[in-house]
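Student: have a look; sequence and predicted model below, questions after that.
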Amino acid sequence: MTTVTFTIDGHTIKVPSGTTVLEAARQAGIYIPTLCHHPDLPPAQGSATVPAVYQGTRKIVNTRPREGGQGCGVCVVEVEGATDLKGSCATPAEEGMVVVTSSERIRVRRREKLVPILSRHRHACLTCAQQEGCSRTQCSANVPENERCCQRFGLCELQNVVNHVGIPPATARWVPTDFAVIKSHPLFERDYNLCIGCTRCVRACRDLRGIEAIGFVVDAGGQVQVGTVSDSLEASGCKFCTACVDVCPTGALADKSVRPGEREEDLVPCKAACPAYIDVPGYVRMVARGRRDEADDIIREKVPLPGVLGRVCTHPCEAACRRGQVNQPVAICALKRYAADGGRGRRKRAGRRAPDTGKKVAVVGAGPAGLTAAFYLRKKGHAVTVFEAQSQAGGMMRFGIPAYRLPRPVLDDELQSIWDTGVGFKPNQKLGQDFTLQSLRQNGCDAVFLGVGAQLSRRIPLEGCNLPGVAASCVSVETSKSLTEEAGLPNSTSTTGWVF
């Protein structure tokens, strides 16, 4: 890889050839303010306009169809030897280049660029001397509520830029507008009064997602106006992926029902609702791209039996899926089954593990808990042996779930992927009868995982539960006494997942 070495504010930086000055500065921890740039998007400068856009019922026709995007112009820097300032987002780093990111000349230019941006976005709070610690419930300066900053105050990128550059003296008071505020659609809200025309959302929709449901034009006043390409999101072809919301630097686009401090759970509720915390968006994305094996790999990062889960999981992720607010949830469970049933090259990947650690672990019980522990312990390089009282592994997956719902060949195939990692299996070995915890320790086990299952029902203390013929409401605890007494555990009708 070809690299270039240059200087930013006295710091020598080495970056791959083709890296822009802005990207290089960010890698070096040097802040250059910008509003139109986003690391995942192409530059705003030169991006194409559309014939017309809609902001609710308002149609805005493009008055300059031959002009492309101009960008915010805030990220300018000085380059030694150049007479004019350069936009750092579009200037590639060159060998020996000397860049200055802060000077009086730069500050003046950045403030000039901020004037038209602030003139179209309410900014009274940004000029307030008491903005730090403001309760947001009352205003000591008596600023009208519709002129105060939006709910993103404190998290707004425009605010960060203003705090760095300063409020230009020529900045006029914001004149309230009555543009569309649309809250009727699922997942996110749109407030065109807060849009600064950075076109990030347009580029995310068009260049990142390949949809082009939104676009931008230049109105009669020379301002960039963003809107849908048809009179509604649905007619424009919006997929409600919310990529546009994620890149918006102000509050013009905002997610619905995103709680403070719970952003990840609210934006990715399928992952949060999954008991195993599987990266649901990750493997669904791989399936959509036709990368079935990669989807299977992502699932196996959290669970070793995706083919089983793809058939018997109660899929709480689908009940939480945000797509259900638009039409219907994504078939997450069925996609897990599809990825798992691919199986191309899975055995080879399943065999990958860390170097042997010399540690030895015994897993008692070849049900879901024991098999999961064995799989991931082996992946970490430990020697693992599974002991099972039955003649076959699987636990309640084999003996509790009917074959029409979980075909035995599928289960056997899933189990084979675990044995292929090097996990040993000893059937017909009952704890307390064929071996003991003490014997396992004497045989060199550094740890023991007890996953003996929860096959027995809970006791229901109803009068008459011990009468002949009553089976469902009362069970004997004799089966578990020998185990719990030897292990030093409290008496219980069932135990699962104990580690020694």
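Tutor: Good, I have the coordinates.

Student: going forward, measure contacts and count neighbours with C-alpha atoms only.
Tutor: Fine.

Student: lowest-scoring secondary structure element of this structure by mean pLDDT?
Tutor: Every helix and strand in the chain was compared by mean pLDDT, DSSP states H and E; the lowest is helix 478-487, with a mean of 46.

Student: what residues go with each domain of this structure?
Tutor: 3-44+66-165, 181-255, 265-349, 353-499 (automatic domain parsing).

Student: least reliable of the ones you listed going by mean pLDDT?
Tutor: If these are sorted by mean pLDDT, domain 353-499 sits at the bottom with a mean of 82.

Student: what sits up against the top helix by length along the chain?
Tutor: For the chain, the longest helix by residue count, based on DSSP state H, is helix 104-119. Contacts to helix 104-119, defined as Cα atoms under 8 Å, 6 or more residues apart in numbering, come from residues 72-78, 85, 165-168, 170-175, 196.

Student: regarding Gly210, what is its secondary structure?
Tutor: On the three-state scheme (DSSP: H, G, I helix; E, B strand; the rest coil), Gly210 is labelled coil.

Student: let me see the backbone angles for it.
Tutor: Dihedral pair for Gly210: phi 70, psi 30, per degrees, to the nearest 10.

Student: also Ala393?
Tutor: phi -80, psi 160.

Student: and the gap between it and Ala454?
Tutor: 15 Å (Cα to Cα, to the nearest Å).

Student: then Glu78?
Tutor: Distance of Glu78 to Ala454, given as Cα to Cα: 70 Å.

Student: more neighbours: which of those two?
Tutor: Neighbour count, other Cα atoms under 10 Å: between Glu78 and Ala454, Glu78 has more, with 21 against 14.

Student: how about that one, phi and psi?
Tutor: The phi/psi pair for Glu78 (degrees, to the nearest 10) reads phi -100, psi 130.

Student: how much space separates it from Arg109?
Tutor: Distance, Glu78 to Arg109, by Cα to Cα: 11 Å.

Student: all helices of the stretch 201-350 of the chain, in order?
Tutor: Along the stretch 201-350 of the chain, counting by DSSP state H, counting those that start in this stretch, helices occupy 233-236, 243-247, 263-267, 269-273, 280-288, 292-300, 306-312, 316-320, 332-342, 346-350.

Student: buried stuff in the third one?
Tutor: By 16 or more other Cα atoms under 10 Å, the buried positions in helix 263-267 come out as Asp266, Leu267.

Student: ok, Gly370 touching Val361?
Tutor: No. Contact criterion Cα atoms under 8 Å: Gly370 and Val361 do not qualify, at 11.4 Å.

Student: overlap in contacts, those two.
Tutor: By Cα under 8 Å, 6+ apart, the residues touching both Gly370 and Val361 are Phe449.

Student: show me which of the two is the more surrounded one.
Tutor: Comparing Gly370 with Val361 by neighbour count (other Cα under 10 Å), the higher total belongs to Gly370, at 26 against 23.

Student: re the thing from before, mind checking the domains of the chain for the one nearest to Ile60?
Tutor: Ile60 lies closest, by Cα to Cα, to one member of the domains of the chain: domain 181-255, at 6.7 Å.

Student: the nearest residue in space to Leu126 that is not next to it in sequence in helix, strand or coil?
Tutor: Spatial nearest neighbour of Leu126, chain neighbours left out: Gln159 (6.7 Å); criterion: Cα to Cα, 6 or more residues apart in numbering. Look at Gln159: counting by three-state DSSP, its state is helix.

Student: re the thing from before, now, which of the contacts of helix 104-119 lie within strands?
Tutor: Among the contacts of helix 104-119, the members falling in strands (DSSP state E) are Val76, Val77, Glu78.
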